[in-house]
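Trainee: After the sequence you'll find the predicted model.
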Amino acid sequence: MDKLINDLKVQIIAQLNLQIKPEDIGDDQPLFADGLGLDSIDALELIVLLQQHYKIKLSNAEDGPKVFKSVKTMADYITAHQPKV
Amino acid sequence: MYKNGRSLFENEKIELPEFLIAAYNHFEINYPKFYKMDILSKLGVLAADVLLKDDFKIEDYKAEDVGIVLSNANASLDTDIKYFETVKGIASPALFVYTLPNIVIGEISIRHRLKGENAFFVAEKFDVDFIQQYVSNLFYNNVLQVCICGWVEVLGDKYKTVLYLIEKNKNKKSLDFTKENINKIYENNNG
């Protein structure tokens, strides 16, 4: 799980062109609003990230706020939904 | 980068995307959203920052009285091509939002909290007659008191950005808003 969380932080920074380091993102830090300050376009980019890197399509848009609450919740969602090879 | 004929920042050894970040750092701009912008918006925002710093107090005017009129030859084609490349796989939302040329006006407006009239015109060449007439008309009809005007163009590695600021009430230091002076500003900045 720790490796997945660290990978996610690196991927989020690259995908969203953030000028921060992976260690600047807390595992439970909110990604939107007062947390990392991401916006609605960033949310769409996170959906793309899940598809590109983890072959996961967010099937229910209403799950978005729960899935993208923090890096930890993203990692939990990936672990639960990643296609088995 | 030049301002009023004076060189402020130069680096011919690096490509445009790196040059824009180097200039952003050089001018110590603190606006993280800059990193997410496409090249056209980066050019416009960077030029507007340099244009507005030091000599001009934008806060002396109401936000509604400051407008932006820009033009270029290739609209948002530079980003359109990059977006088209992503469509072959998973389309990039972050690129899609920049597939209109007037987004650069929005970015400058957000950055400096401007709410005045704005327009983006696409023409093969810089059309000084049209721009002079259009902006003069905005002043004459009291639509604007100040206008950020110019040419913001990029396609691949070819780019040119020239911005100038026009005030309805001319101050002592400023040039007259004539076609000759606009042409001089445009041609003296052949990047």
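Mentor: Cool, got the structure.

Trainee: Only C-alpha atoms from now on, for both contacts and neighbour counts.
Mentor: Noted.

Trainee: Just the CA trace of the strand or helix carrying B:Ile185, in CSV.
Mentor: According to DSSP states H and E, B:Ile185 maps onto helix B:179-187. Extracted as CSV, the C-alpha positions of helix B:179-187 are listed here (Å, rounded to 0.1, in the frame of the first residue of the first chain):
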residue,chain,number,x,y,z
LYS,B,179,-1.2,53.6,-36.1
GLU,B,180,2.3,54.7,-36.5
ASN,B,181,3.2,54.3,-32.8
ILE,B,182,1.4,50.9,-32.7
ASN,B,183,3.3,49.7,-35.7
LYS,B,184,6.6,51.0,-34.2
ILE,B,185,5.9,49.0,-31.0
TYR,B,186,5.0,45.9,-32.9
GLU,B,187,7.9,46.0,-35.3
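
Trainee: what residues does chain B put near chain A?
Mentor: Counting by Cα under 8 Å from any Cα of the partner chain, the residues of chain B close to chain A are B:32, B:35-36, B:90, B:92-94.

Trainee: where does chain A have low pLDDT?
Mentor: Applying pLDDT under 70 to chain A picks out residues A:84-85.

Trainee: Residues of it that sit close to chain B?
Mentor: Residues of chain A found near chain B, taking Cα under 8 Å from any Cα as the criterion, are A:16-19, A:41-42, A:44-45, A:48, A:52.

Trainee: Could you rerun that using 10 Å?
Mentor: A:15-20, A:40-49, A:51-52 (Cα under 10 Å from any Cα of the partner chain).

Trainee: Could you count how many residues lie near B:Pro109?
Mentor: Quick fix: residue B:109 is Ser, not Pro. For B:Ser109, the neighbour count with other Cα atoms under 10 Å in any protein chain shown is 20.

Trainee: Mind telling me what element it is part of?
Mentor: helix B:103-112.

Trainee: For the chain, just list every one of the helices.
Mentor: Answering for chain A, as no chain was given. A:2-15, A:40-54, A:64-67, A:71-81 (DSSP state H).

Trainee: oops, chain B please
Mentor: Using DSSP H, helices in chain B cover B:16-26, B:39-52, B:77-87, B:93-96, B:103-112, B:128-140, B:179-187.

Trainee: that older thread, export the helices of chain A to CSV and tack on mean neighbour count?
Mentor: Output for the helices of chain A, formatted as CSV (neighbours: other Cα atoms under 10 Å in any protein chain shown):
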stretch, mean neighbour count
helix A:2-15, 16
helix A:40-54, 17
helix A:64-67, 15
helix A:71-81, 17
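
Trainee: so which of those helices gets nearest B:Tyr186?
Mentor: Among those, the nearest to B:Tyr186 by Cα to Cα is helix A:40-54 (35.3 Å).
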